[in-house]
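A.B. asks: Give me a 3D structure for the following:
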Amino acid sequence: MRVLTPTVLTYLKVVLLVAIVPAIVGFVIVLMERRFMGFMQQRLGPNRVGPKGTLQGLADLLKLVTKEDITPARAEKAVHFLAPVLAVIPALTALAVIPFGPALRLTRRVSTPLYVADINIGLLFLLAITSIGVYGIILGGWASNNKYSLLGGLRSAAQLVSYEVPMGLALVAVLLMTRSLSLVEIVQRQERIHLWFVFPGLLAFFIYFVAGVAETNRNPFDLPEAESELVSGFNTEYSGVKFAFFFLGEYTAMIIISCVAVTVFFGGWLAPFPNVKALAFLQVIPPMGWFLIKAGFFLFGYIWFRSTFPRYRFDQLMALGWKWMIPLALANIVVVAVAILATPGRTNGLFALSWIFGGLFVAMFLLAKLRQALTRRDRLAAEPRSAQEA
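C.D. replies: Model prediction:
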């Protein structure tokens with residue numbers, strides 16, 4: 001039997017990523033999003049195409065592929081065509097450095113890691129390549145020669161500048177803990193110290209994920225494509241396959257943000273509580289299975305946000321990024337650096353940070369519950385007695 005060379009395996013993994021991710025977007029995420037949103041909003045989701053609506057993703061794909069592709073007469077045709085390509089290609093490229101699991105043994109002589117490449121600047125590469133995707137939205141809004149599309153592109157530019165800064169600063173806190181930009185090394189570091197970085201980096205994780213939701217233009221930060229005031233924003237003049245590219249780029253960006261959150265803060269492919277004998281049954285799930293479970297949890301969070309939160313005003317969007325998240329991210333870097341330098345070993349500082357941030361989180365949760373109870377008591381006291389009896 002001929003043994004596959006590492007180069008051939010790399011090419012195969014690239015082909016699988018490019019083929020599988022669009023399928024996951026079309027047939028799993030979109031269908032689950034519509035089903036979950038229907039359940040959360042007490043209405044029916046897709047239930048006509050296929051058994052219980054399971055073929056709705058295929059129907060959407062056929063609709064987009066067969067729909068007429070219209071280019072406005074006064075549009076910048078070359079840029080109008082290039083914009084959706086810029087939105088989807090960088091997103092698919094970024095998947096190459098995501099480690100989905102450790103090395104997998106295929107035969108006695110061949111084993112391959114469950115990622116395309118492990119580069120020593122992996123995290124920096126991700127930030128750089130995902131930034132290019134936003135230019136597709138900006139150029140698409142400008143090239144359409146439509147005022148609504150242009151406003152959506154301008155909003156996207158402002159949103160990019162406002163939220164990439166806190167996202168990068170949040171990841172700097174993790175770099176201080178690992179002293180490495182390699183995503184594989186970040187996971188292995190969490191395995192060696194038996195601690196997920198979400199505990200000492202709780203504030204960094206919160207800033208990263210909120211900024212990630214804003215970077216992907218999802219609720220409650222979907223200002224570039226706000227239907228209520230911009231019709232559909234930057235993609236108003238797009239249809240057919242070009243619109244499908246924007247659609248695929250947005251959902252692929254969601255997958256990347258979720259995968260990076262899992263890798264950097266939640267141990268990547270590592271199972272929880274590896275040293276607890278009572279939970280040894282958790283080790284039955286393979287490493288890649290744990291990675292997919294964690295990433296699915298974050299994707300569910302995206303759906304939950306869309307079903308729950310109202311859209312921000314644009315001034316609120318800017319204020320949240322510049323007045324709150326950037327100062328918090330800078331303060332968090334200082335706290336993490338001091339904790340690491342003030343203890344004999346870096347691990348001791350990380351465990352101390354875990355207790356501090358955990359205590360603050362519990363205190364804030366209890367204060368929020370207390371405020372909710374007091375507000376409800378005041379509201380009931382203000383109502384007429386007849387309304388209370390009814």
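A.B. asks: now Lys67: how far from Arg379?
C.D. replies: 49 Å (C-beta to C-beta, to the nearest Å). Just so you know, the C-beta spots here come from the backbone N, C-alpha and C atoms, and that holds for glycine as well.
A.B. asks: who's more crowded, those two?
C.D. replies: Legend: neighbour count by other C-beta atoms under 10 Å for Lys67 and Arg379, higher for Lys67 (14 against 9).
A.B. asks: Contact partners for the residue lying closest to that one once chain neighbours are set aside?
C.D. replies: Nearest residue to Lys67 in three dimensions, chain neighbours excluded: Gly240, at 4.4 Å (C-beta to C-beta, 6 or more residues apart in numbering). Residues counted as contacts of Gly240 (C-beta atoms under 8 Å, 6 or more residues apart in numbering) are Leu64, Val65, Lys67, Glu68, Asp69, Ile70.
A.B. asks: Buried among those residues? Make that a PyMOL selection.
C.D. replies: A single PyMOL command selects the buried members of the contacts of Gly240 (16 or more other C-beta atoms under 10 Å):
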select buried, resi 64
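A.B. asks: Among the contacts of Gly240, give me the pair with the biggest separation.
C.D. replies: With C-beta to C-beta as the measure, no two of the contacts of Gly240 lie farther apart than Val65 and Ile70, at 14.7 Å.
A.B. asks: Tell me if Thr112 really is in a helix.
C.D. replies: No - under DSSP: H, G, I helix; E, B strand; the rest coil, Thr112 falls outside any helix and is assigned strand.
A.B. asks: so what's it bridging to?
C.D. replies: Judged by DSSP bridges, the bridge partners of Thr112 are Leu104.
A.B. asks: these two touch, right, it and Gly101?
C.D. replies: No - counting by C-beta atoms under 8 Å, Thr112 sits too far from Gly101 to count as a contact (10.4 Å).
A.B. asks: Measure how buried the closest residue to Arg48 other than its chain neighbours is and give me the count.
C.D. replies: Nearest residue to Arg48, sequence neighbours excluded (C-beta to C-beta, 6+ apart): Gln56, at 7.9 Å. Using other C-beta under 10 Å, the number of residues around Gln56 comes to 21.
A.B. asks: try His80
C.D. replies: 20.
A.B. asks: any idea of the pLDDT on it?
C.D. replies: We have a pLDDT of 85 for His80.
A.B. asks: Also Ala295?
C.D. replies: Taking Ala295 on its own, its pLDDT is 91.
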